[in-house]
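how would this look folded up:
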Amino acid sequence: MPVLHFRAPTSHKNHRRLRRGLHVVTILMVLLGSVPQQLLTLPFWTPPVMAAEQPAPIVSTQATQPPALSTQDAKPATPAVATYPLPADLQGKPEVTDARTANSATFDLGHNQYALLQESHPLNYQDAKGAWQRIDPTFQAVDGGWINTANTLKTSVAQSSSTAKIGLNEVGVGWEPLALQAINAASQVQIIAAPLATDKAVAGVRSADSTTIRYAKSWNKPILADQW
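Prediction:
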């Protein structure tokens, strides 16, 4: 059985999303750990303590809490984007789904010939039943926000706040912006920015290709914005 080998055209969107998710998980773990105080200080700057500038309490609503990591009632991105680009010779050829691996896909060229598409980053992920599925980097709209579950890392983000849930198998972490602070050598804290109250924050906007959610007005400083 002749087999041709292809390498996927350069496209790192799925890899960037997986890598970004892993970075977020790593950062959260570091923040939750015990960090030496000297690593958190800014000895070259001594800002005044601004106790009056405390973040306003954020009222928890459906708009500020990420939705459940479930595909129920999810609305697919429109238009759908290709999960990964194909060489011209493979476009329109049927995929042999039973031959999928994390980093490869096999296509039937006809006449007992097959082509193996191999990549250095994941093309597929395993679902709850262990079957390989194509990674889809797009966010789906659901009540209260957006979700992306067609990936190894599952992501759920809220509608008007960058608050998020990130899940990997049975393990999950949460992300919630509380304040942007600076700490000087004397352990004095200055709050530089705080999230806007729910009634002032503007809902996030999904990009045209549905792969990112941007919160252009979620902080009390206009120059700050969040994006997943």
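
Could you look up the SS state of D98?
For D98, the secondary structure call by DSSP: H, G, I helix; E, B strand; the rest coil comes out as helix.

Which of the helices and strands in this structure ranks last by mean pLDDT?
In the chain, no helix or strand scores lower on mean pLDDT, DSSP states H and E than helix 13-32, which sits at a mean of 46.

Beyond that helix, next helix or strand please.
strand 104-110 (DSSP states H and E).

I would like the residues contacting that following strand, please.
With contact meaning C-beta atoms under 8 Å, 6 or more residues apart in numbering, strand 104-110 is reached by 4, 90, 93-96, 99-100, 114-119, 123-124. Yep, even glycine has a C-beta here, placed from its N, CA and C like the rest.

make it 6 Å
Identification of contacts with strand 104-110 by C-beta atoms under 6 Å, 6 or more residues apart in numbering yields 90, 93-96, 99, 114-118, 123.

How about stretch 154-167?
With C-beta under 6 Å, 6+ apart as the test, stretch 154-167 has contacts from 63-67, 69, 144-148, 173-177, 201, 203, 213, 215, 226, 228.

So in terms of bridging, what pairs with the nearest residue to R100 once chain neighbours are set aside?
Of all residues not flanking R100 in the chain, W132 sits nearest, at 3.8 Å (C-beta to C-beta, 6 or more residues apart in numbering). Note on W132: beta-bridge partners Q126, judged by DSSP bridges.

Report the contact partners of W132.
Applying C-beta under 6 Å, 6+ apart, one finds that W132 lies in contact with 100, 124, 126.

Tabulate these (JSON lines), appending neighbour count, distance to Q190 and pLDDT.
As requested, the contacts of W132 are exported to JSON lines (neighbours: other C-beta atoms under 10 Å; distance: C-beta to C-beta, whole Å; pLDDT from 0 to 100):
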{"residue": "R100", "neighbour count": "19", "distance to Q190": "52", "pLDDT": "94"}
{"residue": "N124", "neighbour count": "24", "distance to Q190": "47", "pLDDT": "93"}
{"residue": "Q126", "neighbour count": "13", "distance to Q190": "46", "pLDDT": "91"}
